[in-house]
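**Student:** no sequence on this one, just coordinates:
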């Protein structure tokens, strides 16, 4: 799932080399911390957070088979 989020975010930004995704497994929950270049932060969040919500929805759908909660944090 980490690769899925990384591929999606790299497709959105101008500087794909600056994208890093960290995965923290907390038992029944997984937290993904996505770091992007400061100039690309707005592209990943989107207007009114629509792109960020879409990323979270895709991640949650992918985690349904493992029955885990998924959280996606986006930071510069």
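**Tutor:** Sure, I can see it. Everything quoted here is computed from the prediction, not taken from an experiment.
**Student:** quick one: residues contacting the nearest residue to residue 20 once chain neighbours are set aside.
**Tutor:** Among residues not flanking residue 20 along the chain, residue 35 sits closest, at 4.7 Å (Cβ to Cβ, 6 or more residues apart in numbering). For every residue, glycine as well, the C-beta is placed using N, CA and C. By Cβ atoms under 8 Å, 6 or more residues apart in numbering, the residues touching residue 35 are 18-22, 75-76.
**Student:** recalculate using a threshold of 10 Å.
**Tutor:** 9, 18-22, 41, 73-76 (Cβ atoms under 10 Å, 6 or more residues apart in numbering).
**Student:** just list whatever residues bridge to it.
**Tutor:** Applying DSSP bridges to residue 35 gives these bridge partners: residue 20, residue 75.
**Student:** state the distance from it to residue 56.
**Tutor:** 16 Å (Cβ to Cβ, to the nearest Å).
**Student:** residue 10 and residue 69: what is the separation?
**Tutor:** 25 Å.
**Student:** of these two, which one has the most company?
**Tutor:** Counted by other Cβ atoms under 10 Å, residue 10 and residue 69 do not tie: residue 10 has more neighbours, with 16 against 13.
**Student:** what helix or strand is the more buried one located in?
**Tutor:** helix 2-12 (DSSP states H and E).
**Student:** follow-up on the earlier one: neighbour-wise, which of the contacts of residue 35 leads?
**Tutor:** residue 9 (24 neighbours).
**Student:** pretty sure that one is touching residue 15, no?
**Tutor:** No. Using Cβ atoms under 10 Å, residue 9 is not in contact with residue 15, being 11.0 Å away.
**Student:** for residue 26, give me phi and psi.
**Tutor:** Backbone torsions for residue 26, taken as degrees, to the nearest 10, come to phi -120, psi 40.
**Student:** for residue 24, give the beta-bridge partners.
**Tutor:** Bridge pairing for residue 24 - DSSP bridges - gives residue 31.
**Student:** three-state assignment of the residue of the chain most remote from its centre?
**Tutor:** What lies farthest from the middle of the chain is residue 27; by Cα atoms, centre = their mean that is 19.0 Å. With DSSP: H, G, I helix; E, B strand; the rest coil as the basis, residue 27 sits in coil.
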